[in-house]
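**Q** Predicted structure and sequence below. I'll ask about it afterward.
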Amino acid sequence: MGKSTVAGMFRRLGVPVFDADAAVRQLQGPGGRAVAAIESLFPGTTHAGGVDREKLGAAVFADKARLKALESLLHPLVADAQSRFLGANRLKRAVVLDVPLLFEKGGWRLCDITVVVSAPLRVQRARVLSRPGMTAGKFAAILRAQMPDAEKCARADVVIPTGRGRRATWLAVRALVAGL
């Protein structure tokens, strides 16, 4: 959808951003807090460099019970990192929580306003399929796991469209931050 690009724009405007995906990568990286527990739950999915994301994905994504076990491990650790971020930035006029499943997992309840970054499906598909290791099958699985974009847009307080070029997106982000 362009979430990372928009998050970068918020940062450029001085708004601190908590990136839940980056928190997960840190937890699963070399020396990460979740690595030993993941290896215990899913043997053979880690190595000296942390979690082997391909192996872990193969071990959990086709099995709802195993995915739930992984989420039960990771979500409290990510929540802790998010809480520390919010504490460290408590005096800022605004912060952004860049959380992929904000509506699906109830994180929107922590927010004063919700912002959805949205792009037409053809743009989204092209962006996602250009990522290393991404396949049409993985993309379809991601879409199945998420709330439909139209529903997220309907629930959001603000929608930032990203399918009309960076300048239009930048102007929308800048206007939003100026209005806070």
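**A** Looks like it came in fine.
**Q** Domains in the protein, by residue range?
**A** 1-16+94-180, 20-91 (automatic domain parsing).
**Q** For stretch 140-152, which residues meet the burial criterion?
**A** Residues of stretch 140-152 classed as buried by neighbour count (16 or more other C-beta atoms under 10 Å): 149, 152. In short, each C-beta sits where N, CA and C put it, glycine included.
**Q** Ends of that stretch, what's the gap?
**A** With C-alpha to C-alpha, to the nearest Å as the measure, stretch 140-152 spans 18 Å from end to end.
**Q** Give the rounded mean pLDDT of it.
**A** Mean pLDDT, stretch 140-152: 81.
**Q** hmm, back to that, worst average pLDDT in the domains of the chain?
**A** domain 1-16+94-180 (a mean of 87).
**Q** Tell me how far that domain lies from the chain's centre.
**A** 9 Å (C-alpha atoms, centre = their mean, to the nearest Å).
**Q** Please apply the same query to stretch 9-27.
**A** The answer for stretch 9-27 is 9 Å, by C-alpha atoms, centre = their mean.
**Q** Ok, stretch 28-35 next?
**A** That offset, for stretch 28-35, works out to 18 Å (C-alpha atoms, centre = their mean).
**Q** Now do the contacts for the spatially most central residue of the chain.
**A** Centroid-nearest residue in the chain, with C-alpha atoms, centre = their mean: Pro100, separated by 3.2 Å. Contacts for Pro100 (C-beta atoms under 8 Å, 6 or more residues apart in numbering) come out as 3, 20-21, 146.
**Q** Helix, strand, or coil at it?
**A** coil (DSSP: H, G, I helix; E, B strand; the rest coil).
**Q** Now for this protein: which helix has the highest residue count?
**A** As assigned by DSSP state H, the longest helix anywhere in the chain is helix 64-88.
**Q** Who are the packing partners of that helix?
**A** strand 17-19, helix 20-28, helix 35-41, helix 53-60 (3 or more C-beta pairs under 8 Å, 6 or more residues apart in numbering; DSSP states H and E).
**Q** mind listing what's buried in it?
**A** For helix 64-88, by 16+ other C-beta under 10 Å, it's 70, 73-74, 77-78, 81-82, 85.
**Q** re earlier: for the contacts of Pro100, give me CSV that also has distance to Gly50.
**A** Formatted as CSV, the contacts of Pro100 follow (distance: C-beta to C-beta, whole Å):
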residue, distance to Gly50
Lys3, 23
Ala20, 17
Asp21, 15
Gln146, 25
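**Q** Compute the number of surrounding residues for the closest residue in space to Lys55 that isn't next to it in sequence.
**A** Excluding the flanking residues, the one nearest Lys55 by C-beta to C-beta, 6 or more residues apart in numbering is Thr45, at 4.5 Å. The number of residues packed near Thr45 is 21, by other C-beta atoms under 10 Å.
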